[in-house]
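J.: With the sequence up front, the predicted model follows.
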Protein chains: 4
Amino acid sequence: MAFTLDEAQRIVSIALNHGRDAGWNPLSAVVLDAGGHPIAFARSDGASPGRYAIAEAKAYGAIMLGMGGRAQMARAEAQAYFMGTVNGVFGGKVLPVPGGVLVRDLDGAVIGAVGVTGDSSDNDAEAACAGITAVGYTPEP
Amino acid sequence: MAFTLDEAQRIVSIALNHGRDAGWNPLSAVVLDAGGHPIAFARSDGASPGRYAIAEAKAYGAIMLGMGGRAQMARAEAQAYFMGTVNGVFGGKVLPVPGGVLVRDLDGAVIGAVGVTGDSSDNDAEAACAGITAVGYTPEP
Amino acid sequence: MAFTLDEAQRIVSIALNHGRDAGWNPLSAVVLDAGGHPIAFARSDGASPGRYAIAEAKAYGAIMLGMGGRAQMARAEAQAYFMGTVNGVFGGKVLPVPGGVLVRDLDGAVIGAVGVTGDSSDNDAEAACAGITAVGYTPEP
Amino acid sequence: MAFTLDEAQRIVSIALNHGRDAGWNPLSAVVLDAGGHPIAFARSDGASPGRYAIAEAKAYGAIMLGMGGRAQMARAEAQAYFMGTVNGVFGGKVLPVPGGVLVRDLDGAVIGAVGVTGDSSDNDAEAACAGITAVGYTPEP
């Protein structure tokens, strides 16, 4: 099971609109497949130029480690050097805070992940979940 | 002057649809800003997972060198080691073939670049130009 | 559809045995999933230490580009700087010669790839195909 | 003195089976030679795609520093920035937690290292030691 481009683009659009409607800072969002490869990305007008890399790292780390940003943050809070070195293991593409959201199918197999960045980490995760839920999947933030 | 997200998304959609309507292999397209940073990306269903990196390299090289993919290819044909080492200079993010298309404003200042990949390099460039032209800019393939 | 570890290990073992039975230089083989991530690897006694990286690059390039080593080599023969810079695009993990063999399901979707190295490129590809065929898949060398 | 492929494959299999028999999360294991180069690797069905990189980093750091994961962790606990920057020194391939297990011969010379990942770090180390002990070596976790 895999995201279609149509699903990925709807997730990205809904996430960005969620932030805009809420009056948050401009969001950026990426959808990765189960291997960590990009399907769709968008950066809101006014967002800083580094947003692709941040969104990708949030989602890529979720895929590589098989856990969402909240679980990664808990591990980083407990053992900061562990997540710091894991970041190095994956060439810098790990960012252990909310906003990286894993998506599994009904059997628990990972379909992909969504990375959102631009506002607070909690709001980023909320926007990602809004997009994932809207297309019929269950988010694992 | 800069691409808005709306413009970038229209360029990406038109490029992908251009290839689909023509019966080509599934295309992927990225739009980068004048600093070489991603604004929008989409990978057609059925495209291989590495398409983001290829599209980005085509467009990033165009931005960094200030020349489109055709001019880069001419240089590579004349002096292969030059473009080979330029690839290394930019951390691998240069791919000197058509499909990397530069976009300038009326004063000649670079606004950004579009990278398309998936079919032949010439078709990739044609799809990129279709998108750029449709939103009112002049492509430099 | 995805390789199980049992299938991947059988592919690796059969490939290595194929070379040993034929009296070739000691082979090494890796099996990657559809996202380019390793499932199983083995390096024959007497093989040089760099064999993991070579096997991985043969298979990883096949996954990222959606084409086997023979098609990659044809492109490299026609346009050497293209495959040279594609190598840079993927962080060095592309090696455009036979021995990187793509595996698709009956619908044409990529399941993964096998990379074999140690003898001539043609023999490497033959060993990879022996393993893939033995577990019931169709190789695309 | 060096691991044979047969020994390395037995270590990997025993480590994976150890975790499966204990009901742990699916494990992945790599065996590296004295130069830090892979001999054998396997990733259990259901493990996340990033497990090769994690297993390799645990074992590679053990080889490069000449100390097992527990000693590396003690150093990280005492001086986090040291292990954080050592991670950078070795291109990200250091992960200072249990599960990277060094193997020496009777004279104290390093033969290689085993990296296991997938469950808790302590369980990962236990599985690695089970494999190393079963083939007649003394682990240094």
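T.: Structure's in. What do you need? Residues are numbered from 1 along each chain as shown, chains lettered A, B, ... in the order given.

J.: does the most centrally placed residue in chain A have beta-bridge partners, and which?
T.: A centroid search over chain A (CA atoms, centre = their mean) returns residue A:115, at 1.8 Å, as the residue closest to the centre. Taking DSSP bridges, one obtains residue A:30, residue A:100 as the residues bridged to residue A:115.

J.: Model confidence score at the residue in chain A that chain C sits nearest to, please.
T.: Taking CB to the nearest CB as the measure, chain A has residue A:35 as its residue closest to chain C, at 1.6 Å. (Glycine included, C-beta is placed from N, CA and C.) Each residue has a pLDDT score; the one for residue A:35 is 98.

J.: Make sure the residue nearest to the centre of chain A is actually in contact with residue A:51.
T.: No. With contact taken as CB atoms under 8 Å, residue A:115 and residue A:51 are classed as non-touching, separated by 9.7 Å.

J.: Which parts of chain A are helices?
T.: Per DSSP state H, chain A has helices spanning A:5-21, A:51-65, A:69-78, A:80-89, A:121-134. These are given in chain order.

J.: Might you calculate how far the third one sits from the centre of the chain?
T.: Once both centres are worked out by CA atoms, centre = their mean, to the nearest Å, helix A:69-78 turns out to sit 15 Å from its chain's centre.

J.: buried sites along it?
T.: Counting neighbours by 16 or more other CB atoms under 10 Å in any protein chain shown, one finds that the buried residues in helix A:69-78 are A:69-73, A:75-76.

J.: closest one to residue C:13 among the helices of chain A?
T.: Using CB to CB as the criterion, the shortest distance between residue C:13 and the helices of chain A is 27.4 Å, found for helix A:51-65.

J.: Which positions in chain A make contact with chain B?
T.: Proximity of chain A to chain B (CB under 8 Å from any CB of the partner chain) is limited to residues A:4-5, A:8-9, A:30, A:33, A:35, A:37-45, A:49-52.

J.: Let's see which of the residues you listed end up in strands.
T.: For the residues of chain A next to chain B, the ones inside strands are A:30, A:33, A:38-43, with DSSP state E as the criterion.

J.: so can I have CSV of those residues showing neighbour count?
T.: Compiled in CSV, those are given as follows (neighbours: other CB atoms under 10 Å in any protein chain shown):
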residue, neighbour count
A:30, 34
A:33, 20
A:38, 29
A:39, 28
A:40, 26
A:41, 29
A:42, 29
A:43, 30
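
J.: Can you tell me which of those residues lies closest to residue B:92?
T.: When these are compared for distance to residue B:92, the smallest value, 16.3 Å, is given by residue A:38; criterion: CB to CB.

J.: so the closest one bridges to which residues?
T.: Taking DSSP bridges, one obtains residue A:32 as the residues bridged to residue A:38.

J.: so what's it up against?
T.: Residue A:38 sits next to A:30-32, A:56, B:41, B:43, B:52 when contact means CB atoms under 8 Å, 6 or more residues apart in numbering or on different chains.

J.: swap the cut-off to 6 Å and go again
T.: For residue A:38, the residues meeting the contact criterion (CB atoms under 6 Å, 6 or more residues apart in numbering or on different chains) are A:30, A:32, B:41, B:52.

J.: just for chain A, where's the confidence low?
T.: Counting by pLDDT under 70, chain A contains no low-confidence segment.

J.: hang on, isn't the residue of chain A closest to chain C packed against residue C:35?
T.: Yes. Counting by CB atoms under 6 Å, residue A:35 sits close enough to residue C:35 to count as a contact (1.6 Å).

J.: Within range of chain D, give me the residues from chain A.
T.: Within chain A, the positions adjacent to chain D are A:64-66, A:81, A:84-85, A:88-89 by CB under 6 Å from any CB of the partner chain.

J.: now those as CSV including distance to residue C:104 and neighbour count?
T.: Compiled in CSV, those are given as follows (distance: CB to CB, whole Å; neighbours: other CB atoms under 10 Å in any protein chain shown):
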residue, distance to residue C:104, neighbour count
A:64, 25, 24
A:65, 29, 25
A:66, 26, 22
A:81, 42, 23
A:84, 39, 21
A:85, 37, 27
A:88, 34, 22
A:89, 30, 26
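
J.: List of residues touching stretch A:114-123?
T.: A:11, A:15, A:24-31, A:47, A:51, A:54-56, A:58-59, A:97-101, A:124, A:127-128, A:132.

J.: Could you do stretch A:27-35 as well?
T.: With CB under 6 Å, 6+ apart as the contact definition, stretch A:27-35 has outside contacts at A:2, A:8, A:11-12, A:15-16, A:19, A:38-41, A:43-44, A:47, A:51, A:55-56, A:59, A:63, A:110-118, A:127, B:49, C:35.

J.: just stretch A:61-74 next, same as before
T.: Residues from elsewhere that reach stretch A:61-74 (CB under 6 Å, 6+ apart): A:32, A:36, A:58, A:90, A:94, A:96-102, A:113, A:140-141, D:48, D:50.

J.: Out of the buried residues of helix A:69-78, which comes closest to residue D:106?
T.: Proximity of the buried residues of helix A:69-78 to residue D:106 was ranked by CB to CB; the top entry is residue A:75 with 38.2 Å.

J.: With adjacent residues omitted, what lies nearest to that closest one?
T.: Setting aside the residues directly before and after it, residue A:75 is nearest to residue A:83 in space (CB to CB, 6 or more residues apart in numbering or on different chains), at 5.9 Å.

J.: Distance check, that neighbour against chain D.
T.: Residue A:83 sits at a distance of 10 Å from chain D (criterion: CB to the nearest CB, to the nearest Å).
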